[in-house]
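A.B. asks: Compute the structure for the input listed below.
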Amino acid sequence: MVFREREAQLPGGEEGLMSASIENRRSAREILRVPVKIEVLRADDAASKIFLGITSNVSSHGLAIQVPSKTVLNLDASIHVYVDGHSAFRSSRFPAKLSWQADSLLGLEFISGDASVHEVLRKAALSLENQAPFLKKYFSFVGGENIDTRKYEFFPYAERLVSEYAKTRELMVQLKKGVIPPEAASYFYAQYALADSQINYSAVLSAHEAFREYRKFSVQRRLQILDDVRELLEKEKKNLIEILVTEGHPLKTAENEFESIKTCLSETSLNYFERGLESLARSGEETMIGVRRPHGVVCVLPPRNAASVAFMACLTLLAGNTLVLCPPSNMPLSSVYLWKNVFAEALALNGAPKGTLNIVLGDSGRFMDEWSQNPLVKSIFFFGNEVREKPGSSSGKDALLLWKDADLQAAAESLCGSAFSTAFVHQDAFTQFVSALLPKISALEPGLPSSPETDLAPAINEMSLFFELLDRSLRGGGKVLAGGFRINTLGLRDPEGLFLAPTVIEVPFEEAAKFQSSPSVIASPLILLVKVRGGGLNARDMDHEVYDGMTRLLERVSTLSRVSIWVKDAFYMRKFIEDLDHAGSLKINSFDCGPASYKFADGRTASGPFTDMNRVWEKSSRTQWVSVTLP
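C.D. replies: You can find the predicted model right below:
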């Protein structure tokens, strides 16, 4: 709302730290609450200091701005004020100088005396008034403050998007134009403000400054933060699952994600993590102490299909790092809610500096590039295919190995909980395994996310990549055993459907390596089956050739996240464990999609090998050895 008054009093009365000019005191003022960006230029050509503020009162000569506490500027500082105009994609810049300063308020005097400033701010205030009041608001979070850039994206209810796609898209176009149709309230859930490169930089700088203090927190104090997270998480369970479903996660998937978070933060898990942070050894009179030291600022980019997986980044906090998180733009709400309402709250309860956790909503690809070039960023954890210069971790591929003596029904159930996976099957078990798998994979149901019967999420953002991979497999001699087309919410084949039928393709052995070495990562239900054959004069020789074929293929995968191995034979079980040392994790005869202690991903996503997020507190820290010999 816009309020207007004349002769508004200066903050701090007549005794501000610096008094305003007589001309400014007599100017007509108007109270306009508008977010602005302030750039303080430095004479030595060093990087400018940028922070955000909110205008308090405005005249044609200057304005008062609320700024973060402890903001101190020099009287001779050269300042630029940026204000978004009537178009949210263009900013106006006005040079100014500091007139006075008091507490968390600044008085700025425009150098040019341009009266257009007043008009720009008035239009900006009116633009704020026109925002839809029924929408929940989500913002970037930098230095403990919400950042409203007024450049919005709108997030629909997933069920409306699924059931009335065309109507939902039509309403979104109107909302982006500033038109608020009355029926939009029943179609749209939230709006979120997009950050830009300067806010991304501010988030990194905020994390860097907070690191100086947070790194000194004891391990016990950091563990207490995660204990409090566990308690807050339980209180927020209902809200978090509701938001996950609103985003489009099937209810069963949302509940599974929540249980995975709880498992990671269980007392058993935290005790295990604690043991990895410190070690002790003695030799004669010498005592060796190994302590994990944090890297510094860690940036995290979650997977676009399971944003809540980013919760594993909380273990970088355990190591003493500070965080910048960029939620995926297609489903940012659950990430923002989880980190602000649970993690930020726990950090505040334990006295952590405000910049310990920062969230930026925006162009993840651009932010990744900026992180890679920013010397303040020490590690990047991301899920995707890009190669970055910073140390860190990326997601990778999953695979299933099935030996001839495996429990076929249990293995098929495990594979149904995966997304894009490849199953390498012993030739003697292939036919029986296909018979066990196809009924289970075909029984997966699309539907509204809130239905407890729904297994499949809408695949709007996966369509092109899915059909690209399908086409490649067919051109390589693959044969579709199930699916391969779009379906609607009823599970019926529909060229306009928003879901993908669960798809199984038999791929020739010689073509399988191309898919395993491919950089493509997809969240849609696409399973490649590879029959691994062997020769020889007897069963023993054949088994050795089958084993060699499986392991040779997997050796070509540089980002092998997790391998699920189904085998009863003790000899081959041991060989698999010994030889598959380049995988992020191995699961022997257990369901791939269930939570387990010390496991930091839900059933659909894991981390890459060696730089994997399975030991994220180690990957974001280094060991320092201290030798102590008492005199």
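A.B. asks: what's the span of stretch 256-276, first residue to last?
C.D. replies: Counting by CA to CA, to the nearest Å, you get 27 Å between the two ends of stretch 256-276.
A.B. asks: buried sites along it?
C.D. replies: The neighbour-count check on stretch 256-276 (16 or more other CB atoms under 10 Å) flags 256-258, 260-265, 269-270, 273-274, 276 as buried. Just so you know, the C-beta spots here come from the backbone N, C-alpha and C atoms, and that holds for glycine as well.
A.B. asks: want to throw those into CSV with secondary structure, pLDDT and distance to Arg292?
C.D. replies: Output for the buried residues of stretch 256-276, formatted as CSV (DSSP: H, G, I helix; E, B strand; the rest coil; pLDDT from 0 to 100; distance: CB to CB, whole Å):
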residue, secondary structure, pLDDT, distance to Arg292
Asn256, helix, 84, 31
Glu257, helix, 83, 28
Phe258, helix, 88, 29
Ser260, helix, 80, 24
Ile261, helix, 82, 23
Lys262, helix, 83, 25
Thr263, helix, 81, 22
Cys264, helix, 79, 18
Leu265, coil, 83, 19
Ser269, helix, 80, 17
Leu270, helix, 81, 15
Phe273, helix, 76, 10
Glu274, helix, 76, 11
Gly276, coil, 72, 7
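A.B. asks: So which of those residues is the closest to Gly483?
C.D. replies: Using CB to CB, Asn256 comes nearest to Gly483 of these, at 22.3 Å.
A.B. asks: Next, work out how far apart that closest one and His582 are.
C.D. replies: Distance, Asn256 to His582, using CB to CB, to the nearest Å: 28 Å.
A.B. asks: for Glu236, same thing?
C.D. replies: Shown here: Glu236 relative to His582, a distance of 38 Å by CB to CB.
A.B. asks: higher neighbour count, the two?
C.D. replies: Ranked by neighbour count (other CB atoms under 10 Å), Glu236 and His582 place Glu236 first, with 17 against 14.
A.B. asks: Counting neighbours, what do you get for Glu234?
C.D. replies: By other CB under 10 Å, 12 other residues sit near Glu234.
A.B. asks: Check Ile79 too.
C.D. replies: Using other CB under 10 Å, Ile79 is surrounded by 20 other residues.
A.B. asks: need the contact list for it.
C.D. replies: Residues in contact with Ile79 (CB atoms under 8 Å, 6 or more residues apart in numbering) are Ile38, Glu39, Val40, Leu41, Leu73, Pro95, Ala96, Lys97, Leu98, Leu108.
A.B. asks: Quick check: bridge partners of the third one?
C.D. replies: What it means is Val40. Lys49, Ile79 (DSSP bridges).
A.B. asks: picking up where we left off before, closest to Glu453 out of the buried residues of stretch 256-276?
C.D. replies: Asn256 (14.8 Å).
A.B. asks: Now the phi/psi pair for the closest residue to Val342 other than its chain neighbours, please.
C.D. replies: In this structure, Val342 finds its nearest non-sequential neighbour in Leu232, 4.7 Å apart by CB to CB, 6 or more residues apart in numbering. Main-chain dihedrals, Leu232, degrees, to the nearest 10: phi -70, psi -30.
A.B. asks: and Leu232, how many neighbours does it have?
C.D. replies: When counting by other CB under 10 Å, one arrives at 17 neighbours for Leu232.
A.B. asks: now it: how far from Cys264?
C.D. replies: To Cys264, Leu232 is 14 Å away according to CB to CB.
A.B. asks: Likewise for Ala410?
C.D. replies: Per CB to CB, Ala410 is found 24 Å from Cys264.
A.B. asks: what residue ranges in the stretch 301-450 of the chain score low on pLDDT?
C.D. replies: Within the stretch 301-450 of the chain, the segments meeting pLDDT under 70 span 304-310, 383-397, 418-420.
A.B. asks: can you give me the strands for it?
C.D. replies: 322-325, 357-359, 377-382, 392-393, 397-402, 421-426 (DSSP state E, counting those that start in this stretch).
A.B. asks: could those go into JSON lines alongside mean neighbour count?
C.D. replies: Below are those laid out as JSON lines (neighbours: other CB atoms under 10 Å):
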{"stretch": "strand 322-325", "mean neighbour count": "29"}
{"stretch": "strand 357-359", "mean neighbour count": "29"}
{"stretch": "strand 377-382", "mean neighbour count": "23"}
{"stretch": "strand 392-393", "mean neighbour count": "26"}
{"stretch": "strand 397-402", "mean neighbour count": "26"}
{"stretch": "strand 421-426", "mean neighbour count": "25"}
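A.B. asks: Tell me which of these lies nearest to Ser202.
C.D. replies: It's strand 357-359; of the strands of the stretch 301-450 of the chain, that one is closest to Ser202 (CB to CB) at 8.3 Å.
A.B. asks: can you give me the helices in the stretch 501-631 of the chain?
C.D. replies: Using DSSP state H, counting those that start in this stretch, the helices assigned to the stretch 501-631 of the chain run over residues 509-516, 539-555, 570-579, 616-619.
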